[in-house]
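sequence first, predicted model second:
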Amino acid sequence: MLATAVAPPFLVQSVALVVAAAAIAYLSYRIGLVPIVGFLAAGVLIGPNALGLVSDRELVNASAEMGVILLLFTIGIEFSLEKLARIQTLIFGGGGLQVLLATVATMAALLPFGVDWRTGLFTGFLVSLSSTVIVLKLLGDRGESNTTFGQVSLGLLIFQDLAIVVMVLLVPMLSGTGGSALAIIWALGKALGIILAVLLVARRLMPPLLERVARTCSPELFLLTVIAICFGTAWLTSVAGVSLSLGAFLAGLLVSESRFSHHAFGEIMPLQILFSATFFVSIGMLLDPGFLSQHLPLVTGTVLFVLLIKSVTTAASVRALGYSWPIAAASGLMLAQIGEFSFVLNRAGDAVGLTPAGLGETGSQAFLAASVVLMVATPQLATLGSRVRLKLEHRREVVDSTEAQEEGLSSATFAHLSDHVVVAGYGVAARHLVQVLHRSHLPFVITTLSPGGAIEAEDAGLPVLRGDSARQHTLLAAGVDRAKMVVVADDDPATAEHVVAVARSLAPSARIVARTRFQSEGAGLLAVGADAVIAEESEGIVQLFADVLRMYGAQTDDIERYASTVRHGVYHELPQTDHGARTMSPRSRNDIDPASTVTLTPAVGRCDHTTGIRGVHPSARGCEDCLRIGAAWVHLRICMTCGHVACCDSSPHRHATKHFHATSHPIVKSMEPGEQWGWCYVDEVTL
């Protein structure tokens, strides 16, 4: 007889975990809840304190750690060192103040009840930390990672992840069992050294490394390399005493400096979804429904206490940096939960006899239950924060011009401007726009609420008005009624709609252009008065098919007609054209006539290397080097010194650039049909 196969125990529990998470997350979606709530509920249901389907906590905890690492890694990829540098004041100023206020407030609240100051300080540490994983996950799902509100939250969370290093080292000192100031200084020195090393690698080594790996065109090798960077960097930072989550975030920053960051993000995303779901399930498994029911008043009191302390101290910290009350209030509610690293700190305290509020095992269980409850409630708190923010912003709209003068927003400041551009917001897109306007000597003024953005613009000598672009007096002070154009570059669709509506009411004849991430958000902006909406999604599609059509010889007018239909989202009305065999058949690899003469008429004054330009004959019918090795190319360039034909930087071998480095011949010309531009490698200008 055949022996009956027995599934290994870990497989049974893994299946129970994944199936329960998927099923309950689906139910949560059907009733309008975010998946995180479903994952937490699944953990409560299958955990040892309920159905007991999963009892191997080590297995779950290991998977959860991987989920934290991968989640923070993908978040790091979406940022960059440049973005991080812009929020350094938030990290060290706002984050430091928030941790200090929350810790001191908690200790001050406990001292009158006879709690020792050391225990009060330890409890304050626990309360001051928020959940990096949950908050950043929610911001990503809601498309708010790059908003002012999202940047504020990120800055505070990064400091908390740094602060946990010091807190863990202080625990033995608070209990009187060891530790010293020298040990803390040494640990911080190691952590700082690791971080600086990571940043150096991000700038110098990571881009060429990923470039070499990507050129192998092996998806397996690329994925393994990305995972090695992720877990390797996280491990190195943990050796220095820095949290795994911060290490994983730094690893993402490493990859973000490469032009293959989007490729890496797509490869790692499926793994991140699987393991981050496990993390949230593992948090839910910590909750004991029996303890919750038996000590409901204690748990409820703890939840309300933490909610009050965290929301007030966080809002006060954000407000102290100069951000508006709407942003401060929303940030306070978003960060009102207790973080996952508080569990780590609580275990460290328990090992040396420190417990929350000095209540022993009961205090630890109450703290744990309150933490899970607040994590479950975070999506609802975030929604409440958004509503509070919108309501406060609406109230600020009705402030009259007299109050505006008291705030220093005088319309006389920019009274000399007319037919100018009002740039509402100072995000990444707006930064690029104003640089072009500034270099083109076109009049403009920036309006922004971000203190960091305003300081950056002022330091660059740009005209900037500190104020809310959705308020009438701010736009009037910027001269919107005399402006030729208003550009709204806000990442938050609701805020952008608000700004457009107010601008349209004040400037009926101005052209209003709004930027948005997704094409589906454009209808709302057009409805409230925008003349044009530039959607990143649709423009990416336009660039994609335009490049393909140009490769097949399509006419410019036809490409523009296609682009217009895509931008309006009417794919079923795409124009039908018959280009014939000549224009729509694939280009031959050998389509350049070597007997022809190629010339280039450069713009006067743009470059100092144009005197050597003359008519040249192409050296081959295609990329000379690619033809020699049997490779393919994307676009062709010709050297205007010797006539060498080579492939562009979008091609696998980038022979045009290599030819420049080998010969120092400065200027190349595009050999693509209909293109007459050239490029100077030395001056880095288009001719």
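Received the coordinates, thanks. Numbering: from 1, shown residues only.

quick one, what contacts residue 532?
Applying Cβ atoms under 8 Å, 6 or more residues apart in numbering, we find residue 532 in contact with 511, 512, 513, 514. Just so you know, the C-beta spots here come from the backbone N, C-alpha and C atoms, and that holds for glycine as well.

most widely separated two among these?
Greatest spatial distance among those (Cβ to Cβ): 511 and 514, at 11.0 Å.

who's more crowded, these two?
residue 514 (29 against 14; other Cβ atoms under 10 Å).

where does the more buried one land in three-state SS?
Taking DSSP: H, G, I helix; E, B strand; the rest coil as the rule, one finds residue 514 in the strand state.

secondary structure class of the closest residue to residue 617 other than its chain neighbours, three-state.
Spatial nearest neighbour of residue 617, excluding adjacent residues (Cβ to Cβ, 6 or more residues apart in numbering): residue 643 at 5.1 Å. Counting by three-state DSSP, the backbone at residue 643 sits in coil.

got the contacts of residue 532 as JSON lines, with distance to residue 87 and pLDDT columns?
Below are these laid out as JSON lines (distance: Cβ to Cβ, whole Å; pLDDT from 0 to 100):
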{"residue": "511", "distance to residue 87": "32", "pLDDT": "88"}
{"residue": "512", "distance to residue 87": "29", "pLDDT": "90"}
{"residue": "513", "distance to residue 87": "27", "pLDDT": "87"}
{"residue": "514", "distance to residue 87": "25", "pLDDT": "87"}
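
if I pick residue 13, what's in contact with it?
53, 54, 55, 56, 59, 60.

what about it, which helix or strand?
Using DSSP states H and E, residue 13 falls within helix 9-30.

buried residues in that helix, which are they?
Of the residues in helix 9-30, 13, 14, 16, 17, 20, 21, 24, 25, 28 count as buried by neighbour count, 16 or more other Cβ atoms under 10 Å.

mind putting those residues into JSON lines with distance to residue 109 and pLDDT?
Output for the buried residues of helix 9-30, formatted as JSON lines (distance: Cβ to Cβ, whole Å; pLDDT from 0 to 100):
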{"residue": "13", "distance to residue 109": "41", "pLDDT": "74"}
{"residue": "14", "distance to residue 109": "43", "pLDDT": "75"}
{"residue": "16", "distance to residue 109": "41", "pLDDT": "77"}
{"residue": "17", "distance to residue 109": "38", "pLDDT": "76"}
{"residue": "20", "distance to residue 109": "38", "pLDDT": "80"}
{"residue": "21", "distance to residue 109": "37", "pLDDT": "78"}
{"residue": "24", "distance to residue 109": "36", "pLDDT": "80"}
{"residue": "25", "distance to residue 109": "37", "pLDDT": "77"}
{"residue": "28", "distance to residue 109": "35", "pLDDT": "75"}
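
how about these, which pair is most distant?
13 and 28 (22.0 Å).

quick one: end-to-end length of stretch 206-226, please.
Across its full length, stretch 206-226 reaches 11 Å end to end, with Cα to Cα, to the nearest Å as the criterion.

and the contacts of it?
So stretch 206-226 is contacted by 229, 254, 255, 257, 258, 259, 260, 263, 264, 267, 268, 652 (Cβ under 8 Å, 6+ apart).

buried residues of stretch 139-150, list them for me.
139, 142, 143, 144, 145, 146, 147, 148, 149, 150.

between those, which sits nearest residue 331?
residue 149 (6.5 Å).

so that closest one makes contact with residue 328?
No: using Cβ atoms under 8 Å, residue 149 is not in contact with residue 328, being 9.8 Å away.

can I assume residue 446 sits in a helix?
No: counting by three-state DSSP, residue 446 falls outside a helix, being strand.

ok, now how distant is it from residue 497?
Look at residue 446 and residue 497: by Cβ to Cβ, to the nearest Å, they are 20 Å apart.

between those two, tell me which one has more neighbours.
Taking neighbours as other Cβ under 10 Å, residue 446 and residue 497 compare with residue 446 leading, 27 against 23.

quick check: closest non-adjacent residue to the more buried one.
Residue 446 sits nearest to residue 464 (Cβ to Cβ, 6+ apart), 4.4 Å away.

could you do residue 469 as well?
residue 424 (3.7 Å).

which residues touch that neighbour?
Residue 424 touches 447, 469, 475, 486, 487, 488, 489, 490, 499, 503, counting by Cβ under 8 Å, 6+ apart.

one more time with 7 Å, if that's ok
447, 469, 486, 487, 488, 489, 490, 499 (Cβ atoms under 7 Å, 6 or more residues apart in numbering).

now, which of those lie within strands?
447, 486, 487, 488 (DSSP state E).

next, count neighbours for the residue nearest to residue 446.
21.

just the buried ones from the contacts of stretch 206-226, in ChimeraX syntax?
Here is the ChimeraX command that selects only those of the contacts of stretch 206-226 that count as buried (16+ other Cβ under 10 Å):
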select :229,254,255,257,258,260,263,264,267,268
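
nearest to residue 86, of the contacts of stretch 206-226?
Nearest to residue 86 among these, with distances taken as Cβ to Cβ, is residue 257, at 15.4 Å.

do you know how far the closest one is from residue 205?
10 Å.

not counting sequence-adjacent ones, nearest residue to residue 252?
Of all residues not flanking residue 252 in the chain, residue 76 sits nearest, at 1.9 Å (Cβ to Cβ, 6+ apart).

the one you found: which element?
helix 57-78.

can you list contacts of that helix?
By Cβ under 7 Å, 6+ apart, helix 57-78 touches 10, 13, 17, 54, 132-133, 136-137, 140, 145, 230-231, 234, 244-245, 248-253, 255-256, 261, 264-265, 268-269, 271-272, 275-276, 278-279, 282, 285.

buried ones among these?
For the contacts of helix 57-78, buried by 16+ other Cβ under 10 Å: 13, 17, 54, 132-133, 136-137, 145, 230-231, 234, 244-245, 248-253, 255-256, 261, 264-265, 268, 271-272, 275-276, 278-279, 282, 285.

quick one: which of these sit in helices?
Taking DSSP state H, the ones among these that sit in helices are 13, 17, 132-133, 136-137, 230-231, 234, 244-245, 248-253, 255-256, 261, 264-265, 268, 271-272, 275-276, 278-279, 282, 285.

following element in sequence after the helix or strand of the chain with the lowest mean pLDDT, please.
Lowest mean confidence among the helices and strands of the chain (mean pLDDT, DSSP states H and E): helix 580-584, at a mean of 35. Per DSSP H and E, the first helix or strand lying C-terminal to helix 580-584 is helix 624-629.

can you give the strand pairings for the helix or strand following that next one, parallel or anti for each?
Per DSSP H and E, helix 624-629 leads on to strand 636-639 as the next helix or strand towards the C-terminus. Strand pairing for strand 636-639, using DSSP bridges, gives strand 645-647 (antiparallel), strand 667-670 (antiparallel).
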